[in-house]
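Participant: Sequence first, predicted model second:
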Amino acid sequence: QVQLVESGGGLVQPGGSLRLSCAASGFRFSDAHMSWYREAPGKERELVAGIWKDGSITNYADFGKGRFTMSRDNAKNRVSLQMDTLKVEDAGVYYCNIGYIRPMSNSWGQGTQVIVSS
C-alpha cells in the first residue's frame with residue numbers, strides 16, 4: 001500500500017530555510033507526479049508545489065514562487081521541498097502526496113511540522 005513519510009520540519013526563524021523530505025513506497029514512484037501540501041491551524045490543506053514524474057516540470061502556489069523549490073530523486077523514491085526566506089505564515093504541517101495539482105491518494109503520511117517564529 002502507499003506509504004508516505006515526511007521529515008525535515010522544525011523551528012526556524014523568519015528568513016531562515018528548511019529542507020523537507022518525503023520518502024515514498026508502495027507504488028511505482030517514477031511513474032507518479034508528486035506534490036506537497038500544507039495545513040495551517042484553522043485553515044484547509046492547500047497545495048504548495050507539484051512536480052512531474054520525471055522532474056521536468058514544477059508548479060508552485062503563488063506564496064511559494066521564488067522561495068520554494070521542489071525536486072525529486074527517482075532512484076531513491078524521494079521528493080524534497082527546499083524552503084527559503086521563510087515567513088511566519090509558512091508555518092503548518094507539510095504533507096506530500098501522489099499527483100501534480102491535487103492529491104490522488106487517500107493515504108496521507110503523518111506530515112512534518114514547520115514552525116516559523118522568532
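Facilitator: Yep, that arrived. Numbers count the residues shown, from 1 in each chain.
Participant: give the contact list for the closest residue to residue 9 other than its chain neighbours.
Facilitator: In space, and not counting its chain neighbours, residue 9 is closest to residue 112: 3.5 Å by CB to CB, 6 or more residues apart in numbering. Glycine gets a C-beta too; all of them are placed from N, C-alpha and C. When contacts are counted by CB atoms under 8 Å, 6 or more residues apart in numbering, residue 112 touches 6-9, 20, 93-94.
Participant: And residue 48, by the same measure?
Facilitator: 35-38, 60-61, 64, 68, 70, 81, 94.
Participant: Now with 10 Å, please.
Facilitator: Residue 48 sits next to 20, 35-38, 59-61, 63-64, 68, 70, 81, 83, 90, 92, 94-96 when contact means CB atoms under 10 Å, 6 or more residues apart in numbering.
Participant: ok, now residue 6?
Facilitator: Counted by CB under 10 Å, 6+ apart, residue 6 has contacts 20-23, 36, 79, 81, 93-96, 108-113.
Participant: Apart from its chain neighbours, what residue comes closest to the residue positioned nearest the centre of the chain?
Facilitator: The centre of the chain sits closest to residue 36, judged by CA atoms, centre = their mean, with a distance of 3.0 Å. Spatial nearest neighbour of residue 36, excluding adjacent residues (CB to CB, 6+ apart): residue 48 at 4.2 Å.
Participant: Pretty sure the one you found sits in a strand.
Facilitator: Yes - using DSSP: H, G, I helix; E, B strand; the rest coil, the secondary structure at residue 48 is a strand.
Participant: do you know how far it is from residue 75?
Facilitator: 24 Å (CB to CB, to the nearest Å).
Participant: circling back to that earlier point, now restrict the contacts of residue 112 to buried residues only.
Facilitator: Buried residues within these, counting neighbours by 16 or more other CB atoms under 10 Å: 6, 8-9, 20, 93-94.
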